[in-house]
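S.K.: Whatever this is, show me its structure:
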Amino acid sequence: MGAANVIPGVSGGTIAFITGIYERLINAIKSFDLEAAKLLLAGKFKAFVIHVDLYFLIALFAGIGLSIVSLAKLLEFLLLNFEVLTMAFFFGLIISSVLLVGKQVERWGVITVLMFIIGTAVAAGIAFLNPATADDSFFYLFLCGVVAICSMILPGLSGSFVLLIMGNYLLVLGAIGRFDMDILIPLGIGCVIGLVAFSYLLAFIFKHFKDATIAILTGFVFGSLVIIWPWKETEYMKDEGGTFVTKENGDLIEAGFLWHLPGMNMEFLLAVLLIAAGALAVYFIEKSGEKRVPEAK
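M.R.: Residues are numbered from 1 along each chain as shown. Below is the predicted model of the structure:
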């Protein structure tokens, strides 16, 4: 999940989904409720640990942190120097995961097919949206926090990409560098409330409408292939005067993509091999997931 967050358009939620820990993650986040607070304040630490599935969360987030620290620079190097080949591997990973995750739907019917189509349309449609203008009002920053954190835990949707579409990616990036609390506080409040509330919603629909939920999430993953497509040119954000907008370190800000078909050359052949490698990686991930400890709750 940590490695996925480094790749443009790849959601950590996608990795959680295809490895079979997604529902457990949602339930663990949802467990930070009033009951958890009572157990903690009463000093019932063992009961608290069990209630929130703490060991699972510690292992998961330790892995995410370790991956970001150890792989971020490597993945950034690969994206900078071998973008097509790197994205080809993730393209294979995602397209294979659609088939493996889709088979978790016990019964395909009109509703599940419709949910899959809706999920695909939403995820793919986001890639074609034009970024909005920046807005530093408290309510909009709060809304950005809610939407960004929800998209981060939804398979197929990249939180940073959604924040870019909402127009506040550069604003938030600068605020993090400056520790600008006027921006970070409303954003953080939105993230916390959005994460807890959305985890309750996801847990509820997983419990009562599991097939439809898996179908729409599979659609999200499938639709994200539009962003993952290896053969595209990146468009960069410009201001009203047509000048490229940059981050504080001088890097350009991505604003969208121009897709094209691959040329028949050696790079294309290597990309096809990496797509196959990505697909096989998901197969082995799924086989590993079949041996996991049964999910809590």
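S.K.: quick one, phi/psi of the residue located most distally from the centre of the chain?
M.R.: The outermost residue of the chain relative to its centre, with distances by C-alpha atoms, centre = their mean, is Ala42 at 35.9 Å. According to degrees, to the nearest 10, the main-chain angles of Ala42 amount to phi -80, psi 0.
S.K.: Tell me the pLDDT of it.
M.R.: Note on Ala42: pLDDT of 88.
S.K.: Repeat that for Asp251.
M.R.: Model confidence at Asp251 (pLDDT) stands at 67.
S.K.: what do you get for the one 4 residues further on?
M.R.: Confidence per residue is given as pLDDT, and for Ala255 that number is 64.
S.K.: Repeat that for Ala271.
M.R.: The predicted structure lists Ala271 with a pLDDT of 91.
S.K.: Thought Gly263 was touching it, still the case?
M.R.: No. Because the distance of 10.6 Å does not satisfy C-beta atoms under 8 Å, Ala271 is recorded as not touching Gly263. (C-beta placed from N, C-alpha, C; glycine too.)
S.K.: what about those two, which has more around it?
M.R.: Ala271 (23 against 9; other C-beta atoms under 10 Å).
S.K.: what's the nearest residue to the more buried one if we skip its chain neighbours?
M.R.: Ala88 (3.8 Å; C-beta to C-beta, 6 or more residues apart in numbering).
S.K.: correct me, but that neighbour touches Trp229?
M.R.: No. The pair formed by Ala88 and Trp229 falls short of the contact definition of C-beta under 8 Å, at 9.5 Å.
S.K.: neighbour-wise, which of these two wins?
M.R.: Summary of the neighbour comparison: Ala88 and Trp229, criterion other C-beta under 10 Å, with Ala88 having more neighbours (27 against 18).
S.K.: shaky segments in the stretch 151-297 of the chain?
M.R.: Counting by pLDDT under 70, the low-confidence segments of the stretch 151-297 of the chain come to 156-161, 164-165, 170, 173, 177, 237, 239-242, 247-251, 253-257, 285-297.
S.K.: Show me where it has its strands.
M.R.: Residue ranges of the strands in the stretch 151-297 of the chain, as given by DSSP state E, counting those that start in this stretch, are 232-236, 254-259.
S.K.: can you give me the helices for the stretch 101-250 of the chain?
M.R.: 110-126, 138-153, 159-165, 169-178, 181-208, 210-223, 225-228 (DSSP state H, counting those that start in this stretch).
S.K.: a markdown table for those helices, including distance to Ala59 and mean neighbour count?
M.R.: A markdown table is the format used below for these (distance: least, C-beta to C-beta, whole Å; neighbours: other C-beta atoms under 10 Å):
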| stretch | distance to Ala59 | mean neighbour count |
| --- | --- | --- |
| helix 110-126 | 29 | 18 |
| helix 138-153 | 17 | 21 |
| helix 159-165 | 22 | 21 |
| helix 169-178 | 27 | 17 |
| helix 181-208 | 18 | 17 |
| helix 210-223 | 23 | 23 |
| helix 225-228 | 27 | 22 |
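S.K.: The ones you listed into CSV, with extra columns for distance to Ile94?
M.R.: Shown next, in CSV, are those (distance: least, C-beta to C-beta, whole Å):
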stretch, distance to Ile94
helix 110-126, 11
helix 138-153, 16
helix 159-165, 15
helix 169-178, 23
helix 181-208, 20
helix 210-223, 6
helix 225-228, 6
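S.K.: who wins for proximity to Ile18 among the ones you listed?
M.R.: helix 210-223 (7.8 Å; C-beta to C-beta).
S.K.: quick one: the closest one to chain centroid distance?
M.R.: How far helix 210-223 lies from its chain's middle: 14 Å, per C-alpha atoms, centre = their mean, to the nearest Å.
S.K.: for stretch 121-131, same thing?
M.R.: A distance of 15 Å separates the C-alpha centroid of stretch 121-131 from that of its chain, computed with C-alpha atoms, centre = their mean.
S.K.: now stretch 171-181
M.R.: For stretch 171-181, the distance between its averaged C-alpha position and the chain's averaged C-alpha position is 22 Å (C-alpha atoms, centre = their mean).
S.K.: before we move on, what about stretch 197-207?
M.R.: Centroid displacement of stretch 197-207 relative to its chain, using C-alpha atoms, centre = their mean, is 17 Å.
S.K.: Ok, stretch 38-46 next?
M.R.: Distance, stretch centre to chain centre, for stretch 38-46: 33 Å (C-alpha atoms, centre = their mean).
S.K.: Figure out the length between the terminal residues of that stretch.
M.R.: Distance between the two ends of stretch 38-46: 13 Å, counting by C-alpha to C-alpha, to the nearest Å.
S.K.: contacts for that stretch?
M.R.: Where contact means C-beta atoms under 8 Å, 6 or more residues apart in numbering, the residues beyond stretch 38-46 that reach it are Ala47, Phe48, His51.
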